[in-house]
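Novice: Following is a predicted model, sequence given first.
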Protein chains: 4
Amino acid sequence: MSEEDELAARVVAAMYARDRAAQTLGIELLETGAGFARVAFTVREEMLNAHDSAHGGYIFALADSAFAYACNSRNDACVALQCSISFAAPARAGMRLVATARERALGGRTGTYDVEVTAEDGGVLAFFRGTSYRVSAKVI
Amino acid sequence: MSEEDELAARVVAAMYARDRAAQTLGIELLETGAGFARVAFTVREEMLNAHDSAHGGYIFALADSAFAYACNSRNDACVALQCSISFAAPARAGMRLVATARERALGGRTGTYDVEVTAEDGGVLAFFRGTSYRVSAKVI
Amino acid sequence: MSEEDELAARVVAAMYARDRAAQTLGIELLETGAGFARVAFTVREEMLNAHDSAHGGYIFALADSAFAYACNSRNDACVALQCSISFAAPARAGMRLVATARERALGGRTGTYDVEVTAEDGGVLAFFRGTSYRVSAKVI
Amino acid sequence: MSEEDELAARVVAAMYARDRAAQTLGIELLETGAGFARVAFTVREEMLNAHDSAHGGYIFALADSAFAYACNSRNDACVALQCSISFAAPARAGMRLVATARERALGGRTGTYDVEVTAEDGGVLAFFRGTSYRVSAKVI
C-alpha cells in the first residue's frame, strides 16, 4: 500500500468514526485510497418514497458520502460546494447499492469527483458529480 | 382556494401518507399549491457528518421532497431526472430548515423546479434545482 | 449610484473592452451593479444548429457572460468553477435574448449566481446557475 | 462497421451539414458511433475572454456539439434538457481541443451523456454532462 493510500485509510476511518449520518444510514466503508472511496448500503423500507422506490435523498446521501471520503482522503479538510445527480433507474427495497467515488481533477482549492451508484448486477442507478472546496484545516 | 390548488393539496396529502422516507426524516408538510410545495424538518444529531454539520444527503433529501411534491402536484406522476444543489452555508444540529419549491418551467413531459433551503432567520443554506419527467400515470 | 455600483460599472467596462468573445458574439452590456449584470444579443443565422434553433453553446455563452461580469463586479478576479443550464424553450434566428445575472450567495472564495435568459416577451428560455471561484488578483 | 454505427455516421453527417453553428465555430467531426461522438476545434483569438482564456461559452459549445451528435446518433431526434460543465483548467489561444461524448444511460425518452474536453496532451480541461430528451421525430 502506498504512503498516500495508507494516509487515506487512516483519515477516512477517523471521519467515519465521527460521521453519525453514515452510521444512521447504515453505510459501510468498503475501500479507500488517495482521491478514492467506495461505500455501500442496503435500501430499507423506511427509505422508500411515495412511488415505492428509494427516495432520491438516500441515493444522494450514499453518493455524497463516497464523495466526502474521497475528497478528504488527502487529509486536507474539504467541503462540498456543488453536487449534481442524474437518476438512471429506481432502487427498490432490499437492494444493496454501491457508490464509487473517483477524483477527476484537483487544482488550487477545488476538485471534481465522479461517483457512480450501482446495483449488485453492476447496472448504474445514478451518476453523481461533486465540486469540493478545501478549507484551511486538516482532517486528523 | 383555486381548483388546481385544491387538487394539489389532495395529491400531496396522499403522497405524503405513503412516503416513508419523509416520515423517517421527520419532514413536515407546511404548504402546497399547483407547482408549489413547502416542507420543513429539524436537523438531528444523527444527521451530522464528520465536520459536525448536517450531512449533505439530508439537506438534499429535504429539498428533493419539496421538489417531488411540487412536480407531482398536478396529479401527473413525475420522477426526478436530474438534480443539482449548491451549498451556501452549513446547517447545525437543532436548526429548523424550510425548503420551498417553485415551478419555473413546464413543457412536454419535463419541468424545471427551484428549491431554496432556508434557516429560520431567512438565510439561504442551499440552492437546489430539479428536472422532472412525467411518466404516464396519475398520482391519485 | 452607490460606490460599489460605480466600481462595478468601471470593472465591467474594462473587462468588456478586452473580452473578444463578447464582441465576436455581438453581446451588448445593458446594466451592471455589485453582483449583478444584464447583457443581450440577437440570434444570428450562423448560430443555428441542425434543429434550426440557437445552438446551446450560444445560449450558454450569453448567460456565462452575464455570470462573469456579475461575479467579477466587485473587482476581485473570479473564474467559473462549475455551471449548469436548463433549457426551457428554443430560441430562433432574429430573436433578441437578454441574460440577467444575480448573486445569490458569496462566502469565502466562492459564490453562487443565477442567470435567466429571456426572450423579448419575457418568457424564460434558459435557467443558468454558476459557481465562481475568487483567485488572488484584482480585475483593474 | 456495425449497422448502428453506420446509421450513426449517416445521421451525424446530415446533422453536421445543416449545423451552421458547428461550422461557424470551426468544429471538425472526428469520429461517430451509436451513442458516441468526437469533435474538435482550435481556440481562436476571437474566442478569448477578459482573462485571456477561451470563453466558457466556446468550451461548452464544443462539448455540447459532441453531446448533440451522440444523443441524435440513433436517428431519434433529441434535444438537450439540462447540461452541466466543470472547468478544470483554462484553454489558451491556438490550443486544439477535442471533445468526446459517451452515452452513459438511455431509458424511456431520456438519456445521460458524459463529455470530456481534452487538450492535445490528454489533460482534461472540462467535464460536461448532458441530459437529452427524445422528441417524436427522426433526424433523417
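Specialist: Alright, I've got the coordinates.

Novice: Now do the longest strand seen in chain A and strand C:124-138, the angle between them.
Specialist: Among all segments of chain A classified by DSSP state E, the strand with the greatest residue count is strand A:124-138. Between the axes of strand A:124-138 and strand C:124-138, defined by axes from the mean of the first three to the mean of the last three Cα atoms, to 10 degrees, the angle is 30 degrees.

Novice: list the contacts for the residue nearest in space to the middle of chain A?
Specialist: Nearest to the centroid of the C-alpha atoms of chain A, with distances taken as Cα atoms, centre = their mean, sits A:Ala66, at 1.5 Å. If you count contacts by Cβ atoms under 8 Å, 6 or more residues apart in numbering or on different chains, A:Ala66 has them with A:Ala37, A:Arg38, A:Val39, A:Ala99, A:Thr100, A:Ala101, A:Val115. Every C-beta, even on glycine, is put in place using the N, C-alpha and C of the backbone.

Novice: near chain B, anything from the helix or strand where A:Val11 lies?
Specialist: For A:Val11, the element it lies in under DSSP states H and E is helix A:3-18. Yes. Helix A:3-18 lies in contact with chain B when judged by Cβ under 8 Å from any Cβ of the partner chain; the contacting residues are A:Ala14, A:Met15, A:Tyr16, A:Arg18.

Novice: List buried residues within those.
Specialist: Buried residues within the residues of helix A:3-18 next to chain B, defined by neighbour count using 16 or more other Cβ atoms under 10 Å in any protein chain shown: A:Met15, A:Tyr16.

Novice: filter the residues of helix A:3-18 next to chain B down to the ones near chain C?
Specialist: Answer for the residues of helix A:3-18 next to chain B near chain C: none qualify (Cβ under 8 Å from any Cβ).

Novice: hang on, the earlier thing: hmm, the longest strand of chain A in reach of chain C?
Specialist: Yes. Strand A:124-138 is in contact with chain C by Cβ under 8 Å from any Cβ, via A:Thr131, A:Tyr133, A:Val135.

Novice: Which strands border that strand, and is each parallel or antiparallel?
Specialist: Sheet pairing of strand A:124-138 (DSSP bridges) gives strand A:76-87 (antiparallel), strand A:110-118 (antiparallel).

Novice: What is the three-state secondary structure of the nearest residue to A:His55 once chain neighbours are set aside?
Specialist: Spatial nearest neighbour of A:His55, chain neighbours left out: B:Ala21 (3.4 Å); criterion: Cβ to Cβ, 6 or more residues apart in numbering or on different chains. Classification of B:Ala21 using DSSP: H, G, I helix; E, B strand; the rest coil returns helix.

Novice: any idea how far chain B is from the closest residue to A:Arg102 other than its chain neighbours?
Specialist: Here the nearest residue to A:Arg102 in space, its sequence neighbours aside, is A:Asp114; by Cβ to Cβ, 6+ apart that works out to 5.4 Å. Separation of A:Asp114 from chain B (Cβ to the nearest Cβ, to the nearest Å) stands at 14 Å.

Novice: what helix or strand is A:Ala68 on?
Specialist: Using DSSP H and E, A:Ala68 sits in helix A:56-72.

Novice: C-alpha coordinates for that helix, CSV please?
Specialist: The C-alpha coordinates for helix A:56-72 follow below in CSV (Å, rounded to 0.1, in the frame of the first residue of the first chain):
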residue,chain,number,x,y,z
GLY,A,56,-33.6,10.4,-4.1
GLY,A,57,-32.2,11.9,-0.9
TYR,A,58,-30.9,8.5,0.2
ILE,A,59,-29.3,7.8,-3.1
PHE,A,60,-27.7,11.2,-3.0
ALA,A,61,-26.6,10.6,0.6
LEU,A,62,-24.8,7.4,-0.3
ALA,A,63,-23.0,9.1,-3.3
ASP,A,64,-22.2,12.2,-1.3
SER,A,65,-20.6,10.0,1.5
ALA,A,66,-18.3,8.4,-1.1
PHE,A,67,-17.5,11.9,-2.4
ALA,A,68,-16.8,13.2,1.1
TYR,A,69,-14.4,10.4,1.9
ALA,A,70,-12.6,10.7,-1.5
CYS,A,71,-12.1,14.5,-1.3
ASN,A,72,-11.0,14.5,2.3
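
Novice: Now do it and strand B:76-87, the angle between them.
Specialist: The directions of helix A:56-72 and strand B:76-87 differ by 30 degrees, with the same axes, to 10 degrees as the criterion.

Novice: mind listing what the residue nearest to A:His55 touches?
Specialist: Listed by Cβ under 8 Å, 6+ apart, the contact set of B:Ala21 reads A:Glu46, A:Met47, A:Leu48, A:Asn49, A:Ala54, A:His55, A:Gly57, A:Tyr58, B:Ala61, B:Ser65.

Novice: CSV for those, including neighbour count?
Specialist: Below are the contacts of B:Ala21 laid out as CSV (neighbours: other Cβ atoms under 10 Å in any protein chain shown):
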residue, neighbour count
A:Glu46, 13
A:Met47, 24
A:Leu48, 21
A:Asn49, 24
A:Ala54, 26
A:His55, 29
A:Gly57, 27
A:Tyr58, 28
B:Ala61, 27
B:Ser65, 30
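
Novice: Quick check: the two most widely separated of these?
Specialist: Taking Cβ to Cβ as the measure, these reach their widest spread between A:Glu46 and B:Ser65, a distance of 14.3 Å.

Novice: what about A:Ala137, neighbour count?
Specialist: A count of neighbours around A:Ala137, defined by other Cβ atoms under 10 Å in any protein chain shown, yields 10.

Novice: swap that for A:Asp52, please
Specialist: 12.

Novice: Contacts only, for it.
Specialist: By Cβ under 8 Å, 6+ apart, A:Asp52 lies in contact with A:Arg92, A:Ala93.

Novice: Could you rerun that using 10 Å?
Specialist: Contact analysis of A:Asp52 by Cβ atoms under 10 Å, 6 or more residues apart in numbering or on different chains lists A:Glu45, A:Pro90, A:Arg92, A:Ala93, B:Arg18, B:Arg20.

Novice: ok so the fourth one is a strand residue?
Specialist: When you say that, I think you mean A:Ala93. No. According to three-state DSSP, the state of A:Ala93 is coil, so it is not within a strand.
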